[in-house]
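Peer 1: Need a 3D model of the following:
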Amino acid sequence: MSAPRTIAVVGAGMAAARLAQQLDALGADAEVTLYGGEPEAPYNRALIADVLTGRHRPADLALPVGAARLRTGSEVVALDTAGRTLALADGDRARYDDLVLATGANPVLPPLRGLFAADGSWRTGLHALRSLAACARLAAEAAPAHRAVVIGGGVLGVSAARALAALGLPVEIVHQGPHLLERHLDEGAAHAVRQALAGLGVETYPANRARALDGEDRVAGVTLATGHRLDADLVVLACGVRPRTGLAHSAGLPVGRGIRVDDSLACAPGTYAIGDCAEHRGVVHGLAAPAWDQADLLARRLSGADPDARWTGTRTLARLTAGPLEYAAFGVGEAPADADVLCLGDATRGTYRRLVLRGDRLLGGVLVGDLATAGTLSRAWLEGRPVGPDPLSLLVAPPSHPARTALREATP
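Peer 2: As a prediction, the model looks like this:
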């Protein structure tokens with residue numbers, strides 16, 4: 001009887017855990033090992049901000065890995081893809097039949113003066129919320145802090161600001177883009193989010209660039225490009241992420257913005273990449289849903305359940321639910337010339353809804369402040385279902401039966 005194949009997964013994040021779980025669920029005849037550089041077992045990185053507020057414990061974020069072997073604190077430092085071996089920082093080596101790179105991404109450091117102390121380390125009071133260890137350090141320094149500034153107004157920046165405000169800190173967001181969350185929201189939706197943040201004690205500075213960190217050994221403030229200074233003894237960097245490609249590059253694998261993969265998610269024979277580190281058709285998604293979709297597809301290929309499965313992209317719902325701050329966005333943002341746009345805002349309730357339709361088909365939508373119909377609308381978009389004869393009811397109806405009935409009755 002031949003020995004089972006060995007699958008080595010470099011990385012132990014959300015994509016890696018999903019792959020291991022799905023390989024187990026599909027009954028793959030393979031020994032799967034996850035090599036993670038962090039000391040923790042795989043966890044849901046998207047919920048780190050909720051650990052900061054105390055809403056979740058670190059243990060609540062744990063992700064299952066099926067029957068996979070887990071080697072935490074094991075950094076892979078070199079790959080020999082021809083000989084199908086990998087080398088670890090502790091000097092150990094391991095052989096594999098198939099290799100999956102799920103190395104994730106690193107926080108982007110903005111071009112700020114004063115990022116580093118004289119010894120080259122980060123200044124005291126400066127943080128990037130990307131891991132549980134980073135969350136613990138931030139929590140320890142947040143307790144005695146007086147004011148916080150978050151640099152970056154994307155999903156991570158908004159989540160971090162909301163979490164720090166929940167701890168009782170006055171918080172300011174500095175965002176270089178035209179408005180908050182511009183990758184997901186239009187200007188009207190972003191305004192509603194900004195108002196919701198203001199209600200939590202968070203002030204925002206869109207279309208502003210941070211120029212320098214002030215202070216000596218410890219952060220004392222942030223100076224903007226306009227010359228305006230924001231006092232702060234706590235600064236969180238949330239300026240996006242950059243795929244970790246160094247290991248792949250050193251091994252001679254194709255690298256652009258990320259590790260370049262084809263529709264089979266392969267970057268070389270027997271070598272694959274998924275999640276935040278992968279670049280497919282010139283796109284690095286950097287979101288949890290595409291990473292899980294890629295993991296599911298690769299599990300089907302490697303298990304033999306669907307060896308010819310191809311990945312051509314994903315349709316993603318971006319969603320944040322955090323107390324009074326809620327939004328969901330899906331599909332197109334900019335409306336095509338032949339599309340209709342329905343928009344309704346209620347400043348009193350702090351809600352905003354915008355739908356883009358072509359005929360009776362939903363092309364995209366944004367909801368802020370009331371997500372009762374988000375699931376129904378996003379399913380109609382995903383499945384290409386007609387929205388019924390009165391799409392305006394999706395905006396003005398109470399968030400219960402009328403809108404849902406219109407969609408259900410139109411289902412083929």
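Peer 1: all contacts plus neighbour counts: C-alpha atoms, from now on.
Peer 2: Fine.
Peer 1: tell me the contacts of residue 306?
Peer 2: Contact partners of residue 306, counting by C-alpha atoms under 8 Å, 6 or more residues apart in numbering, are residue 300.
Peer 1: mind checking the SS state of it?
Peer 2: Following DSSP: H, G, I helix; E, B strand; the rest coil, residue 306 is assigned to coil.
Peer 1: phi, psi of it?
Peer 2: phi -150, psi 80 (degrees, to the nearest 10).
Peer 1: Any buried residues in stretch 16-35, and which?
Peer 2: Using 16 or more other C-alpha atoms under 10 Å as the test for burial, stretch 16-35 gives 16-24, 28, 30-35.
Peer 1: With stretch 195-212 instead?
Peer 2: Neighbour-count burial for stretch 195-212, counted by 16+ other C-alpha under 10 Å, picks out 195-197, 200-206, 208-212.
Peer 1: that older thread, among the buried residues of stretch 16-35, which ones are in strands?
Peer 2: 30, 31, 32, 33, 34, 35 (DSSP state E).
Peer 1: So the second one is in contact with residue 3, correct?
Peer 2: Right, the one you point to is residue 31. No - judged on C-alpha atoms under 8 Å, residue 31 makes no contact with residue 3 at a distance of 9.3 Å.
Peer 1: domains in the chain, as residue ranges please.
Peer 2: 5-105+242-303, 126-237, 317-409 (automatic domain parsing).
Peer 1: Tabulate the ones in strands among the buried residues of stretch 16-35 (TSV), appending pLDDT and distance to residue 324.
Peer 2: Shown next, in TSV, are these (pLDDT from 0 to 100; distance: C-alpha to C-alpha, whole Å):
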residue	pLDDT	distance to residue 324
30	97	46
31	98	45
32	99	42
33	99	41
34	99	38
35	99	38
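Peer 1: and the end-to-end length of stretch 265-276?
Peer 2: Counting by C-alpha to C-alpha, to the nearest Å, you get 13 Å between the two ends of stretch 265-276.
Peer 1: centre of the chain versus that stretch, how much separation?
Peer 2: Distance, stretch centre to chain centre, for stretch 265-276: 20 Å (C-alpha atoms, centre = their mean, to the nearest Å).
Peer 1: Likewise for stretch 49-56?
Peer 2: 17 Å.
Peer 1: what's the average pLDDT for that stretch?
Peer 2: The pLDDT scores in stretch 49-56 average 94.
Peer 1: which residues are in contact with that stretch?
Peer 2: So stretch 49-56 is contacted by 57-58, 129, 135-136, 138-139, 159-160, 163-164, 166-167 (C-alpha under 8 Å, 6+ apart).
Peer 1: 6 Å - rerun?
Peer 2: 57, 160, 163 (C-alpha atoms under 6 Å, 6 or more residues apart in numbering).
Peer 1: Turn the residues you listed into CSV, including distance to residue 182.
Peer 2: Listed next are these as CSV, based on distance: C-alpha to C-alpha, whole Å:
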residue, distance to residue 182
57, 30
160, 17
163, 20
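Peer 1: and those residues, which of them are in helices?
Peer 2: 160, 163 (DSSP state H).
Peer 1: Out of the contacts of stretch 49-56, which end up buried?
Peer 2: Using 16+ other C-alpha under 10 Å, the buried ones in these are 160, 163.
Peer 1: Just give me the closest of the contacts of stretch 49-56 to residue 149.
Peer 2: Of all the contacts of stretch 49-56, the one with the least separation from residue 149 (C-alpha to C-alpha) is residue 160, at 9.9 Å.
Peer 1: residue boundaries of the strands in the stretch 101-250 of the chain?
Peer 2: 105-107, 126-127, 148-151, 171-174, 202-205, 210-214, 221-224, 229-231, 234-237, 241-243 (DSSP state E, counting those that start in this stretch).
Peer 1: can you tell me the average pLDDT over the third one?
Peer 2: Read that as strand 148-151. 98.
Peer 1: quick one: that strand to chain centroid distance?
Peer 2: The answer for strand 148-151 is 19 Å, by C-alpha atoms, centre = their mean.
Peer 1: who does it pair up with?
Peer 2: strand 171-174 (parallel), strand 234-237 (parallel) (DSSP bridges).
Peer 1: Contacts for that strand, please.
Peer 2: Outside strand 148-151, the residues that reach it (C-alpha under 6 Å, 6+ apart) are 171, 172, 173, 174, 232, 234, 235, 236, 237, 238.
Peer 1: Most widely separated two among those residues?
Peer 2: Longest span within the contacts of strand 148-151, C-alpha to C-alpha: 232 and 238, 15.7 Å.
Peer 1: Just want to know which of the two has more residues nearby.
Peer 2: The neighbour count for residue 232 versus residue 238, taken as other C-alpha atoms under 10 Å, is higher for residue 238 (29 against 23).
Peer 1: Wait, that one touches residue 157, no?
Peer 2: Yes - using C-alpha atoms under 6 Å, residue 238 makes contact with residue 157 at a distance of 5.0 Å.
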